[in-house]
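>>> from the sequence below, what's the structure:
(one chain, ligands or ions: 2)
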Amino acid sequence: MNSNETAKHAAGPTGTGPTIDQETLLQNETDPLTHTPVHLMELEGVGKHYGNIIALTEVTMAVDMGRVTCVLGDNGAGKSTLIKIIAGLHQHDEGTFKIMGQERKLTSPREALDSGIAAVYQDLAVVGLMPIWRNFFLGSEITTGRGPFRRLDVKAMKEITKNELADMGIDLRDVEQPIGQLSGGERQCVAIARAVHFGAKALILDEPTAALGVKQSGVVLRYILQARDRGLGVIFITHNPHHAFPVGDRFLLLKRGKSIGYYDKKDITLDELTAQMAGGAELAELAHELEALGSHGDLAQELEAEVAETAGQLPH
Ligand SMILES: Nc1ncnc2c1ncn2[C@@H]1O[C@H](COP(=O)(O)OP(=O)(O)OP(=O)(O)O)[C@@H](O)[C@H]1O
Ligand SMILES: [Mg+2]
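Ligands and ions are numbered 1, 2, ... in the order given. Okay, the predicted model is just below:
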């Protein structure tokens, strides 16, 4: 596993995050001025308010080339807020966000793209009736000829699309096919291949497997690894520890806008990650309440069994 020697150490379950240990972390990236190693991206104590609502607070994490950083959390945990900050849609109002060691506050998705950060959203902005190759090049079309003879270089675009998809191991019958005919998983894969082709250094995937079945999820997870192997720093957002664990190098767990843990893969097991996500203590409380109500006996029993099961799995 390529992460273990280089990834940072875990914070405790209640910690706000580790301090960055530059020595053990970085191999690929160096600051162009000082030649000291830097992360591709690094967030330290990042927070964001919407008026009175604290959507995110004290979040620390790093993204490196050839690594997958997973962000896990339930509804309202702050996952989307976090990636909006990284993708240039919102600005943080606490902490620091650095790209290649430079402190930044991105003011638009364009600025994020120019810095090599590409985001793939769950509800992909694709034009359903357009062929796959048109979607692939949307907004970045290749043209040929000059002045009045300028026209789209359809042949080149089709060929590049086909090759890029093949390079990612995606075998689509025909790039002329409307993208709307592809499955959700295949569309995600096209979006990933597109980001790779247009030179993204960092790829953010917001719940790419949320709406997919087991098989399609597996396909998307495989492309996440492909992107990683091509040297991209991947941020994979999900609420499913079973999807995160096999592909992730690091795991940031968010709950109600706070970091409840930041682990290197070597410091956590799938069972522990699942237990952390399930929130053992909360399940116990809920089982108690249901019992007190005297109804839903079966549900209370089920919850108790689940509590017993998760209790032994929580990391210390
Ligand atoms: N534009 C906004 N204005 C006000 N509050 C917001 C805004 N966006 C998010 N929030 C609040 O911030 C908190 C975190 O929301 P966020 O969308 O980041 O969560 P999430 O982890 O992505 O959840 P989900 O899994 O449901 O997508 C929530 O309490 C939400 O109500
Ligand atoms: Mg969200």
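>>> now do the residue nearest the centre of the chain against ligand 2, distance only.
With distances taken as Cα atoms, centre = their mean, the residue of the chain nearest its centroid is F236 (2.0 Å). According to Cβ to the ion, to the nearest Å, F236 and ligand 2 sit 13 Å apart. For the C-beta atoms, the positions are set from N, CA and C on the backbone; glycine is no exception.
>>> looking at this, that residue is in a helix?
No. Counting by DSSP: H, G, I helix; E, B strand; the rest coil, F236 is not part of a helix but strand.
>>> wait, what's in contact with it?
Neighbouring residues of F236 by Cβ atoms under 8 Å, 6 or more residues apart in numbering: 68-71, 205, 208, 224, 243-244, 247-248.
>>> what bridges to it?
C70, L205 (DSSP bridges).
>>> for it, report the pLDDT, please.
Looking at F236, its pLDDT stands at 94.
>>> now swap in L43 and tell me
95.
>>> what ranges does this structure have for its strands?
41-50, 53-63, 68-73, 94-99, 102-103, 117-120, 143-144, 151-152, 202-206, 233-238, 250-255, 258-264 (DSSP state E).
>>> and the third one with strand 53-63, angle?
Note on geometry: by axes from the mean of the first three to the mean of the last three Cα atoms, to 10 degrees, strand 68-73 and strand 53-63 are set 160 degrees apart in direction.
>>> now the angle from strand 68-73 to strand 233-238?
Between strand 68-73 and strand 233-238, the angle comes out at 30 degrees (the same axes, to 10 degrees).
>>> send the alpha carbons of strand 68-73 over as CSV?
Extracted in CSV, the C-alpha atoms of strand 68-73 (Å, rounded to 0.1, in the frame of the first residue of the first chain):
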residue,chain,number,x,y,z
VAL,A,68,-7.1,9.0,-1.6
THR,A,69,-8.3,11.1,1.3
CYS,A,70,-11.8,10.0,2.3
VAL,A,71,-14.3,12.4,4.0
LEU,A,72,-17.0,10.5,5.9
GLY,A,73,-20.0,11.9,7.7
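>>> just give me how far that strand sits from the chain centre.
The chain centroid and the centroid of strand 68-73 are separated by 6 Å under Cα atoms, centre = their mean, to the nearest Å.
>>> touching ligand 2 at all, that strand?
No. Strand 68-73 lies apart from ligand 2 when judged by Cβ under 5 Å from the ion; the minimum separation is 8.8 Å.
>>> what distance do you get for the residue in the chain sticking out farthest from the centre to A119?
What lies farthest from the middle of the chain is P148; by Cα atoms, centre = their mean that is 43.4 Å. As for P148, its distance to A119 is 37 Å (criterion: Cβ to Cβ, to the nearest Å).
>>> next: T81.
13 Å.
>>> also K266?
As judged by Cβ to Cβ, K266 and A119 stand 28 Å apart.
>>> those two: which is more packed in?
Neighbour tally, K266 and A119, criterion other Cβ atoms under 10 Å: the higher count belongs to A119, 23 against 14.
>>> of all of this structure, which residue lies closest to ligand 2?
Nearest residue of the chain to ligand 2: S80, at 3.1 Å (Cβ to the ion).
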